Structure formats: C-alpha cells, structure tokens
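Visitor: fold the following.
(2 chains)
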Protein chains: 2
Amino acid sequence: MFINDDPAISDADRVLEIQHFENVVRAFQNYRLHSLTAMAKRRRDMTKIPHEHLELVTPLLEPKLSAAEECVRKNAAVVSVLLEGHDTEASAPAKGQAYRESRVAESDMDKVRSTLRQFARDWSSEGRLERQLTYDPILAELEQRFSHLDEAQRGNLHILVPGAGLGRLAFDIVKRGFSCQGNEFSFYMLLGSHFILNRATEVNQFELYPWIHSFSNHLNASAQLNAVRIPDVLTNGIPSTAEFSMVAGDFTEVYGTSDNEGAWDVIVTCFFIDTAKNIVDYIDIMHRALKPNGLWINLGPLLYHWEGMENEMSIELTLEELKYVVRKKGFRLENEKTIRTPYASNALAMLKYMYDCDYFVAVKE
Amino acid sequence: MFINDDPAISDADRVLEIQHFENVVRAFQNYRLHSLTAMAKRRRDMTKIPHEHLELVTPLLEPKLSAAEECVRKNAAVVSVLLEGHDTEASAPAKGQAYRESRVAESDMDKVRSTLRQFARDWSSEGRLERQLTYDPILAELEQRFSHLDEAQRGNLHILVPGAGLGRLAFDIVKRGFSCQGNEFSFYMLLGSHFILNRATEVNQFELYPWIHSFSNHLNASAQLNAVRIPDVLTNGIPSTAEFSMVAGDFTEVYGTSDNEGAWDVIVTCFFIDTAKNIVDYIDIMHRALKPNGLWINLGPLLYHWEGMENEMSIELTLEELKYVVRKKGFRLENEKTIRTPYASNALAMLKYMYDCDYFVAVKE
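Guide: This next block holds a predicted model:
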C-alpha cells in the first residue's frame, strides 16, 4: 500500500522497492521467533556456568526470562495487528513452514526493536518528557508565529514534516489546526504510523514492552519489563478545516519536483537533516519548496547516517558550516538555541544517549 | 613483550595469543593509511555533488580535510613511538611493500581510534573532568579508609585494579603511596599504557587529535580538530615505598589461581565488571583474592560486553540482581551511590553517552 505508483519510476526500481517492503514485513513477521531465540540462547548460557552459580542465579534469571518471553509474545500480538493487511504472498510464510528459511538480518531486527522504542517516544505517556523537550518548542514557535490566525485560517497553512517517523509531531501540528503532511522513507516507520493512525480506537489500547531486548544497564528487572501503553491520545480529534496526510518516499525524490516549488508555508525537520547523503541538497530542496518568507524550523543533532558507509556518498558539515550554507542558500536565521534531550531512551536505564540539539528557525528571504 | 610465559599455557594457546598480538600491532601500523583512505573517500564524495554545491562547500571542507589529514599524520607519529620495540618479524611490512596486503578490519581500527580517545580521558588535562567524576571518589575512599597509615605503611597495602586500561587510575593510587597492580587484557590498552608509563619524559610531550575521525556532531571544525597533549603528569614521582606493576592477561585466568587467595587488601573496578562473560565468576574470584575484611570498590554501568554475541556466553544481571549476588557471596555493601558521567567523550560534541554509574564499597565478611 506504500508502494510508489509514480509512472516516472522504472520497473527495476519498483521491483527493488517491493523487495525492500517485503523484507521489512518479513522482519516484523520474524520478530517473535527471533526474539524468543535470543531468550533461549540466554537459557543455554545459564547451563554452561558452574552448578553453584546456577543455583544462585536461577531464582533471579528464570522468572525474568519467563517474563521477558511473555512480553515478546505480547509485543508480537501488537505486531500482528500492525501487519494486518500488509501480508504479501511472497512474504507470508505458508502455514507450518519453518521460519528458519526466512531468517532476517540482525540489522533488520534492530529496526523492528527500534520501532517499538519509537512507539514509546511518540505515542505513550512515558514518552511525554522527550516530546516536551523536542516537539513543544516547535509547536510553541508555530502557535506564536501564527497567533493572528483563527483555527479555520490555520487550515490554509501547509506544513511539511520530512522524516515524520511514527507521525506524532505531524499529528500534534494538525491537532492545532494547521494542515500537515508527513513524509517518511522507512517502511518500518510507515507501517508503524499507519497502524497507530488508523487502527487504534481507544486510548491505551495496546501494551508494548520496548526495553526487554537489552539486558544491559537495568536497575532492576521491573525497569526492564516496564510496559508502555499506546496511544496516549486518539487521532480522531482533528479540526475539520485541517488536512492531514502521510506520504511515503525519499524526501529528495518526492519534494525535489517542480510542482513542489513554493508550495509550502512551513517545513519542520526534527532529527531529520542528518539523514541526507548530501545535506546541501536537502537545504536546496527546502528553500525551493517554501513560499517566499516561508519558515524552516529545525531541531536535531548532526549524526550523519551515511558516514563511514563504504559504498554511499556522505557530505558532513559541522553546525557552523551548516549555518553558513543555510545563509548562503537564502535563509535568515532566527531564534537559535541548544536543546539537550535523550532520544527514544529508557528513562530508568544506566546509559542514555544525550543530544545537544541545535534549534533554529530559517526564514526564506 | 606482553606474551604470557606461564608454562601451563598450551603451545596452541600461545600461538593464538601471538597471532592476536600481531593483529593489534598491524592495526596500529595501518592507522595512518586506513585513516587517510577514509579522508580520501570524503574528497571523492565531494566530486559527486552538483557543481554549485561543490563551489559552496569546497572553501569549508577542503581546509578541514587537509587539516584532518595533517592530524592523522601527527597521530601516526605518536603511534610510531608507541610501536617502537613491538615490531615483530611477521607484522612489520617489508620496506616498500603495499600495506593493502595487510588491511585490517574496521572493528580493529575502531579499537585503535578508541585508544586515542582513551589517552585523552586518562592522560590529558582535557580528561580531568571525567577523571574527577570517576577516579576521585575512589581515591577519596582510599584516603579516608586508610587515613591512619603513613606513606611508608601504605606501601604495604596491595591494591589490584583489573581492567586498568591506560593505567591512570592505578598510577593515581600508587602516587598516593599504595602499592598497586594494574591488570589488563586488551593488547591495545597494554601497548598504550606501556608507552605512556615508560616512554614519556616530559609533561605534554605528545600531541594527539582524538576527535578527527568522526565528522558527525561537531559544533565547528576547530572543535573537531582540537588537540590534546599527553601526559598531563609524569609517572616518575612514585613514592619509593610503593610498588607499581602492570600485568597482562585475562582477569579470571591470572587472579583465579590459588596463589592469589587472600593476597589483596583492596580491589578497585572502574568500568570493568561488565566485561565478564559470567559476572558471578568475577565476584567469586574477587572474594577469594581479597584478605579478610578486604575492600572491593566498584564504579561503572552494566553494559555487558558479550551480550548478543552468538558464539559467546553472556550472563547479564540487573544492578539489583548483582547486589543480591554480591551479598550472597559474602560481601557487605557500603556507601552506595549513583555517579553520572560521560566516558572518553568529546566535551564539545552534540552527542554524549551519559552513564548513571553505580558506586559501592563491598567489604569481605
């Protein structure tokens, strides 16, 4: 359902895209078995330690592993709902067929697990702190800059959110009456956002256990086994004057087209711009896609996603260099500040990745 | 020089150990070429972007890349001193021989780069903040618990530091008059500590550029190109009554022997215990190796190094479970607290790994 039907795309590219989508579906389908296998490996490891150690740790590890396995099953039940309607003939294993044949790469399973943590960040009450740190300054900026518009007028403003992920920021923007389009490249995120935006009918309908897969840096078993409930809010309360859409595809391909020139009032990038292979290209496209005096609101670090990849291009600018290029490309910078925040992190863990994000508003001149 | 000559070790194990040592030497030897190749890849990537982008970023990236390449050469000069005396016949490439033949794995080169950052943490004035957060509480604990001893008496106390890394904590302990033995398994760290403890003859003798290899999350080019100077202190000021030694080898193999039973007054572990495949084994060995009423001082997270490795055992306890086992094994816990600290991090970067370390003193009962 997310497959691009743009006639300009070649058949070969379309086949690659379908294969990629099927890989992602397969990764979700294998989540349960893959995760239970990792737990079984831990049980095997226990049998290898001296008997007196085993006697000591079994009362600790046995109930923890059993509980974690139960959490895997509960997560898998949510994943099943997420996958409903997306099973393709190629990816759906025949009944009774061994999953082993379609074992997925650890890196793909990492993305499934990361999607679970992302649900906690975007759609649970536990994620509120991170959202307050990162989404609230953006929402406040919009409220302040467009305070002269009433709700119906806000619907005429078109805001683009590239890298929309699981869609919470885009939804929060729409909820304030602005029309908003989220754009996302990752099929993991697209499946996730489609699920949460279209399948959830009750607040706290689904229970997830995002922290069970890592056994490191936990204060205690209950912190590891903590549940989050999603969604913390239903997505049916959208003002009728606001339009909301999610568009699949690579940002440069979708928004680098001539029909996007001068089409957008505001572009909001949150933890997005460092996904570029050539960040100057992103800046170019955003400048062209904005209306005169349009706003680009940015918040995030500069963790270049393609750095060090042997067969991929990666252009890496420092923050100072980025701002030089942004100005040269025809933006005026306002309201620059630093925002310290973790990202999709377990608040109770003994290790957190702490980002000193840059925040700015770039006005198209 | 770090090869174990214990006659109990089999010839096959000795061959493996020599091969491993040669791999590490080869990784250091390839540092310059490997790093310059990564910079050259960035120059190639620049040629792939549109001409107008190139014109814009060349004045930014060209001087930064040239400076980073010069920093690689300066780092390589320090690495050459570090390698002096360690060239083995097998690992030293013949003059003019292409290095390509001995290209090393990215994971090995990661450890070389990590050694450079570790020098900044342990032996530069820039690393002082991290050392204050992590080493100072340990040193204060020793000062306070042994305040009744004069300097000469302190030399009779034998303190063991497993996972001694580049040796700074062990040195700081010795400098206070205690006899101290550092133990380290990694040849990267052993080569590094041997270099800094034996080759440095002046404060700030060597200049290193630990942050040049990542182009992500920098505020500006000068933050990326920042030099640190090592050592910030000379290691010749050791009280004559204190003994100082560094012992190479796996902690469980070296200290699990009967001649270590009741041999140590204090064991200090700082960012160490999560290197265990079976952490209960570490606790057992420490309990046996301590004298009655001996102290185990611990500071660190629980980032289990072997978690998720398919062919390695890994027993992972939460902090609460760890403390349960520590008590069951015959320790009394005192002075428990949490210490928040980064580890070998660039203070100016936009991303930091922040650890909420647990600190405790375990008294052997």
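
Visitor: which parts of the stretch 251-365 of chain A are helices?
Guide: A:251-255, A:279-289, A:319-328 (DSSP state H, counting those that start in this stretch).

Visitor: tell me the most buried of these?
Guide: The highest mean neighbour count among the helices of the stretch 251-365 of chain A, using mean count of other CB atoms under 10 Å in any protein chain shown, belongs to helix A:279-289: a mean of 22. All C-beta spots, glycine's among them, are computed from the backbone N, C-alpha and C.

Visitor: what's it packed up against?
Guide: Here helix A:279-289 touches helix A:251-255, strand A:264-270, helix A:319-328, helix B:51-83, going by 3 or more CB pairs under 8 Å, 6 or more residues apart in numbering or on different chains; DSSP states H and E.

Visitor: that one to strand A:264-270, inter-axis angle?
Guide: Angle of helix A:279-289 versus strand A:264-270, following axes from the mean of the first three to the mean of the last three CA atoms, to 10 degrees, is 150 degrees.

Visitor: restricting to C-alpha, output helix A:279-289 in CSV.
Guide: In CSV, the C-alpha atoms belonging to helix A:279-289 read as follows (Å, rounded to 0.1, in the frame of the first residue of the first chain):
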residue,chain,number,x,y,z
ILE,A,279,22.8,17.8,3.1
VAL,A,280,23.2,20.8,0.7
ASP,A,281,20.6,19.1,-1.5
TYR,A,282,18.1,19.0,1.4
ILE,A,283,18.7,22.7,2.0
ASP,A,284,18.2,23.5,-1.7
ILE,A,285,15.0,21.5,-1.9
MET,A,286,13.6,23.0,1.2
HIS,A,287,14.4,26.5,0.0
ARG,A,288,12.7,25.9,-3.3
ALA,A,289,9.7,24.2,-1.8
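
Visitor: rounded mean pLDDT for it, please.
Guide: The average pLDDT within helix A:279-289 is 98.

Visitor: of the helices and strands packed on helix A:279-289, which approaches A:Ala242 most closely?
Guide: A:Ala242 lies closest to strand A:264-270 among the helices and strands packed on helix A:279-289, at 12.9 Å (CB to CB).

Visitor: just how off-centre is the closest one within its chain?
Guide: Chain-centre distance of strand A:264-270: 17 Å, with CA atoms, centre = their mean, to the nearest Å.

Visitor: for stretch A:63-75, same thing?
Guide: 24 Å.

Visitor: what does it rub up against?
Guide: Stretch A:63-75 has contacts (CB atoms under 8 Å, 6 or more residues apart in numbering or on different chains) with A:31-32, A:35-36, A:39, A:42-43, A:116, A:207-209, A:212, A:221, A:224-225, A:227, B:318, B:321.

Visitor: ditto for stretch A:309-327
Guide: Stretch A:309-327 is contacted by residues A:273, A:276-280, A:283, A:302, A:304, A:306-308, A:333, A:358, A:360, A:362, B:41-42, B:45-46, B:48-49, B:53, B:56-57, B:60-61, B:64, B:215-216, B:218-221, B:223-224, B:350 when judged by CB under 8 Å, 6+ apart.

Visitor: go again using 7 Å as the cut-off
Guide: A:277-280, A:283, A:302, A:304, A:306-307, A:333, A:358, A:362, B:45-46, B:48-49, B:56-57, B:60, B:215-216, B:218-221, B:224 (CB atoms under 7 Å, 6 or more residues apart in numbering or on different chains).

Visitor: show me where chain A dips below the pLDDT cut-off.
Guide: Residues of chain A meeting the criterion pLDDT under 70: A:1-9, A:88-102.

Visitor: for it, longest strand please?
Guide: strand A:351-364 (DSSP state E).

Visitor: where do the helices sit along the stretch 51-200 of chain A?
Guide: Under DSSP H, counting those that start in this stretch, the stretch 51-200 of chain A gives helices at A:51-83, A:106-123, A:128-145, A:151-154, A:168-175, A:187-198.

Visitor: what's the following helix or strand after the last one?
Guide: Next helix or strand after helix A:187-198 toward the C-terminus (DSSP states H and E): strand A:206-208.

Visitor: chain center to the helix or strand that comes right after that next one: distance?
Guide: Sequence-wise, the next helix or strand downstream of strand A:206-208 (DSSP H and E) is helix A:221-224. Distance, stretch centre to chain centre, for helix A:221-224: 24 Å (CA atoms, centre = their mean).

Visitor: is there any residue in helix A:221-224 that contacts chain B?
Guide: Yes: using CB under 7 Å from any CB of the partner chain, we find that helix A:221-224 touches chain B at A:221, A:224.

Visitor: how about that helix as PDB, C-alpha atoms only?
Guide: Provided in PDB are the C-alpha atoms of helix A:221-224 (Å, rounded to 0.1, in the frame of the first residue of the first chain):
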ATOM      1  CA  ALA A 221      14.000  -6.500  36.400                       C
ATOM      2  CA  SER A 222      10.800  -4.500  36.700                       C
ATOM      3  CA  ALA A 223      12.500  -1.500  34.900                       C
ATOM      4  CA  GLN A 224      13.400  -3.800  32.100                       C
END
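
Visitor: just the buried positions in it, please.
Guide: A:221, A:223-224 (16 or more other CB atoms under 10 Å in any protein chain shown).

Visitor: distance to A:Leu295 for those - can I get that in JSON lines?
Guide: Putting the buried residues of helix A:221-224 into JSON lines (distance: CB to CB, whole Å) gives the following:
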{"residue": "A:Ala221", "distance to A:Leu295": "47"}
{"residue": "A:Ala223", "distance to A:Leu295": "40"}
{"residue": "A:Gln224", "distance to A:Leu295": "42"}
